[in-house]
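[1] Turn this into a structure:
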Amino acid sequence: MSQLNQTQLPWSTLLEYPAEIRLCVLSHFVGPQLLEVEETTLYEQVQSSTSTVARQQLQIKYTCTTDAAVDDLPEHLQPRYWDIRGLSWLRSPKYFMSLYHFAMAHRLLAASSQAALPAIDNQPVDPESPESEDDMGEDPIVSIDPLIYTTNHNYPFHGLEKIVLDFDAEQYFDFFNVCIPPFDHPENQGSDPRLRGAASLLQHCHELTILFGEKFCYVHPWYSLRCDEWQDARIRSNVCEKGRVVDWILEYAWHLGYLQHIKTIKIAGSVQEWVRKKWDDVFEKWKEAQQNGKLEWKDVHRPNITHMETFGLVSGREWALQDFYPPVCSCDLSCSSLVPWAPMCGPAWNSWDEIPEEEGDPSTWDDGALGEDDAVIW
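    Modelled structure (predicted):
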């Protein structure tokens, strides 16, 4: 449960239970943890001059959907909520709602000496925002949410081990560098080419949830095309957006090596069952192959990229891209009939879910947030 329904179980009921249970319930009350990068521009006056220079300000904000509801908690529980939020940076999944927030947060945290995120190799984007660098003066001013600095260096966590992605379809195409026609041409790709292939920033991720939710299902990537020859195709009905399109995204992610190092990968959202089963099997077989140390990832699954990029092509027949892209659904259960995925819910939001036994309960972590006496009096 991502938020406790107080009409069913009043908070006062918790007083009847041991402190450990109260801590567990309150931990589950804490909602999804979001990382966002807020961009503003500061215009500074040049000394001994009437002119001004633009200075970019970037703020990494670590927010939570339940922060606004803290005042509704009993007073004695409110400090505990913020204790858990302080510890949550180490253990909870980080939820990214846009490709820009994901790329910028990773770049800025990797460059910060105060954050624990290791350096990132082969970064595909610049540390500046997508705005024109010519409009900016000095290097940007970067500020990071204080909760991120609560990382205790005695523990081997940097806070971005667990990631949940909730992108729209076009952003997933850019993120995993999907080159399905006509997105193999730069003019048809996303608005910022520096974000193309940003999945390479996942290199320190241990657990990834790829959510194909409400945003993904809202519109398919071909809809954004404005070329005259794509007018009919872009408004095609019964597109296989929850089947073949999802599968193509994952095929490219696997083909380009973005996922193989990640220990646990979960496919969430409104996805065709055949897609979910196919990729659950791939991920499981790859995990077993790594344990045995005998197979390469191509031996587990080798994507047929040529087939995806020439979908519908038959030798001797005329082939027009617009006739086959976006693909029409041929699934046993039509994609249009699948129940939409409810946003901000599901297995990704259990902040302390599946904590290894050797790491212990968060209330025992020695960072001053939860003391032994505090754990029994609230």
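[2] contacting residues for the residue nearest the centre of the chain?
    Nearest to the mean C-alpha position of the chain, counting by C-alpha atoms, centre = their mean, stands residue 165 at 2.2 Å. For residue 165, the contacting residues are 96, 102, 172, 175, 208, 209, 210, 211, by C-beta atoms under 8 Å, 6 or more residues apart in numbering. (Each C-beta comes from the backbone N, C-alpha and C, glycine too.)
[3] Tell me the one among those nearest to residue 221.
    residue 172 (8.3 Å; C-beta to C-beta).
[4] circling back: could I get the contacts of residue 165 as TSV with neighbour count?
    Below are these laid out as TSV (neighbours: other C-beta atoms under 10 Å):
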residue	neighbour count
96	23
102	27
172	25
175	28
208	22
209	21
210	26
211	24
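[5] Out of those residues, list just those in helices.
    102, 172, 175 (DSSP state H).
[6] ok, the closest residue to the second one other than its chain neighbours - contacts?
    When the adjacent residues along the chain are set aside, residue 172 lies closest to residue 249, with 5.1 Å between them (C-beta to C-beta, 6 or more residues apart in numbering). Going by C-beta under 8 Å, 6+ apart, residue 249 touches 172, 173, 176, 178.
[7] Okay, and residue 249 sits in which element?
    In the assignment (DSSP states H and E), residue 249 maps to helix 244-255.
[8] Check the gap between the residue nearest to residue 199 when sequence neighbours are not counted and residue 21 for me.
    Residue nearest to residue 199 in three dimensions, not counting chain neighbours: residue 258, with 4.0 Å by C-beta to C-beta, 6+ apart. Separation of residue 258 from residue 21 (C-beta to C-beta, to the nearest Å) stands at 40 Å.
[9] ok so, going back, if I look at the residue nearest to residue 199, how far off is residue 114?
    In terms of C-beta to C-beta, residue 258 sits 28 Å off from residue 114.
[10] And these two? Which one has more around it.
    Taking other C-beta atoms under 10 Å, residue 258 and residue 114 do not tie; residue 258 has more neighbours (23 against 9).
[11] Three-state assignment for the more buried one, please.
    Assigned with DSSP: H, G, I helix; E, B strand; the rest coil, residue 258 falls in the coil class.
[12] Check the gap between it and residue 309 for me.
    18 Å.
[13] what do you get for residue 291?
    33 Å.
[14] the more surrounded of those two?
    The residue with more neighbours, out of residue 291 and residue 309, is residue 309; 16 against 8, by other C-beta under 10 Å.
[15] what's near enough to touch that one?
    With contact taken as C-beta under 8 Å, 6+ apart, residue 309 is in contact with 179, 180, 181, 184.
[16] Likewise for residue 216?
    So residue 216 contacts 166, 167, 168, 169, 172, 241, 269 (C-beta under 8 Å, 6+ apart).
[17] one more time with 7 Å, if that's ok
    Residue 216 makes contact with 167, 168, 169, 172, 269, according to C-beta atoms under 7 Å, 6 or more residues apart in numbering.
[18] ditto for residue 26
    77, 80, 81, 84.
[19] Just the element for the last one, please.
    Using DSSP H and E, residue 84 sits in helix 78-91.
[20] This protein: strands as residue ranges?
    33-45, 52-64, 94-96, 141-144, 162-165, 207-212, 264-269 (DSSP state E).
[21] Let's have those strands in CSV, adding mean pLDDT and distance to residue 195.
    Below are the strands of the chain laid out as CSV (pLDDT from 0 to 100; distance: least, C-beta to C-beta, whole Å):
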stretch, mean pLDDT, distance to residue 195
strand 33-45, 83, 12
strand 52-64, 85, 15
strand 94-96, 95, 12
strand 141-144, 86, 19
strand 162-165, 96, 13
strand 207-212, 97, 17
strand 264-269, 96, 21
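[22] Include distance to residue 275 when you put those into TSV, please.
    Converted to TSV, these look like this (distance: least, C-beta to C-beta, whole Å):
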stretch	distance to residue 275
strand 33-45	27
strand 52-64	31
strand 94-96	22
strand 141-144	37
strand 162-165	16
strand 207-212	9
strand 264-269	7
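[23] For residue 189, which of the ones you listed is the nearest?
    The nearest among the strands of the chain, by C-beta to C-beta, is strand 162-165 at 18.4 Å.
[24] So what are the sheet partners of the closest one and their directions?
    According to DSSP bridges, strand 162-165 forms sheet pairs with strand 94-96 (parallel), strand 207-212 (parallel).
[25] How much space separates residue 264 from residue 286?
    Residue 264 is 11 Å from residue 286, by C-beta to C-beta.
[26] more crowded one of the two?
    Between residue 264 and residue 286, counting by other C-beta under 10 Å, residue 286 is the more crowded of the two (21 against 13).
[27] where are the low-confidence patches of the chain?
    Flagging of the chain using pLDDT under 70 yields the residue ranges 1-9, 44-50, 122-138, 150-155, 340-378.
[28] Since that was my last question, I'll sign off now.
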